[in-house]
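>>> Just a sequence and a predicted model for now, questions to come.
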Amino acid sequence: MARDGFLEMASNLARYHREHEKFYARAPLEEAAALQRTSAALRALAERWSTAEPRKPDAASPYSGAEDLNDERAIELAGILFMEGQGEPAEIARIKAELGAAAEDNAQAGEWLGNAMEASWGVAEALPRFHELADLVSERHRIISNDWQAASLMSILARNLGRALAILEALDFSPAAIREDLEGPRSFPPLLHSASDLIDHASDLAAQSATLVHDNERRWRVFRQRVEELASADG
């Protein structure tokens, strides 16, 4: 690739991808916090159901809260309210939908970013040919490496959320089914703990991804400054 063309491309990447990464240094932290809230709500139910004694419904209203199934922490964190005359709480359905969407989004983003870094690694092979960029060769490769690692974390994050979702989808969250489990195998609590553990790990991976991308900020800044100086000098 000719010098002018390479510098133009490098300047474009340093300008727009730096700004793009500012978003992805923040967004995963917001996702991590949301996942932690979801996990905490599900874990609160698991803890409640580990010791709760099931009761037969005896409420005048079908909208009465189920005394044996509800946990105030889960209500406060995620709005999860079990009512005597209802089935699965709408908030449980919302959680499952959000986990599915987050898993799909991260899987797609991880695949795209991994492919993009594969291509970027090949393009960066030309950097050592420009002696003015010699001291920044490792910086550009570190940017790519950080993003590549972040892509892998997104893919693993997606798998953890997908498995947590599969656990939740296998459970019947109607009050009658939960009480039946509490009277028998009491398998719901450990399964909810497992789903929470998977969601917590996904949250940690999201935070790690943000840290990796945030590490690129200074590297992009100095790389962009140098490339633009070279382009101006050549012009």
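That came through fine.

>>> neighbours of Glu91, just the number please.
Neighbours of Glu91 under the rule other Cβ atoms under 10 Å: 18. Bear in mind the C-beta positions are built from the backbone N, C-alpha and C, glycine included.

>>> For whichever strand or helix holds it, the averaged confidence score.
Using DSSP states H and E, Glu91 maps to helix 90-123. Averaged across helix 90-123, the pLDDT comes to 96.

>>> cool, stretch 155-174 as well?
98.

>>> picking that back up, remind me what the helix holding Glu91 packs against, helices and strands.
The contact analysis (3 or more Cβ pairs under 8 Å, 6 or more residues apart in numbering; DSSP states H and E) places helix 90-123 against helix 27-51, helix 137-169.

>>> Format these as a markdown table; extra columns: mean neighbour count and distance to Gln108.
Output for these, formatted as a markdown table (neighbours: other Cβ atoms under 10 Å; distance: least, Cβ to Cβ, whole Å):
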| stretch | mean neighbour count | distance to Gln108 |
| --- | --- | --- |
| helix 27-51 | 19 | 14 |
| helix 137-169 | 20 | 8 |
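
>>> Taking their axis directions, the helix holding Glu91 and helix 27-51 sit at what angle?
On the basis of axes from the mean of the first three to the mean of the last three Cα atoms, to 10 degrees, helix 90-123 is oriented at 140 degrees to helix 27-51.

>>> in helix 90-123, what counts as buried?
Buried positions in helix 90-123, judged by neighbour count with 16 or more other Cβ atoms under 10 Å: 91-92, 95-96, 99-100, 102-103, 106-107, 109-110, 113-114, 117, 120.

>>> Spatially, which residue comes closest to Gly79, not counting chain neighbours?
In this structure, Gly79 finds its nearest non-sequential neighbour in Glu91, 4.6 Å apart by Cβ to Cβ, 6 or more residues apart in numbering.

>>> That neighbour: what's it in contact with?
Ala78, Gly79, Ile80, Leu81 (Cβ atoms under 8 Å, 6 or more residues apart in numbering).

>>> Filter these down to just the buried residues.
Buried by 16+ other Cβ under 10 Å: Ala78, Ile80, Leu81, out of the contacts of Glu91.

>>> what's the closest of these to Glu169?
Ile80 (16.0 Å; Cβ to Cβ).

>>> what packs against the least confident helix or strand in the chain by mean pLDDT?
Within the chain, no helix or strand scores below helix 3-24, which has a mean of 85 by mean pLDDT, DSSP states H and E. Counting by 3+ Cβ pairs under 8 Å, 6+ apart, the packing neighbours recorded for helix 3-24 are helix 188-214, helix 216-234.

>>> hmm, try it at 10 Å
Packing partners of helix 3-24 (3 or more Cβ pairs under 10 Å, 6 or more residues apart in numbering; DSSP states H and E): helix 90-123, helix 137-169, helix 188-214, helix 216-234.

>>> Could you pull up phi and psi at Gly87?
Dihedral pair for Gly87: phi -100, psi -140, per degrees, to the nearest 10.

>>> quick one: it and Ala177 touch, right?
Yes: applying Cβ atoms under 10 Å, one finds Gly87 in contact with Ala177, separated by 9.0 Å.

>>> Quick check: Glu38 vs Ala93, distance?
Actually, residue 38 is Thr rather than Glu. Computed as Cβ to Cβ, to the nearest Å, the Thr38 to Ala93 distance reads 13 Å.

>>> One more: Ala134?
To Ala93, Ala134 is 57 Å away according to Cβ to Cβ.
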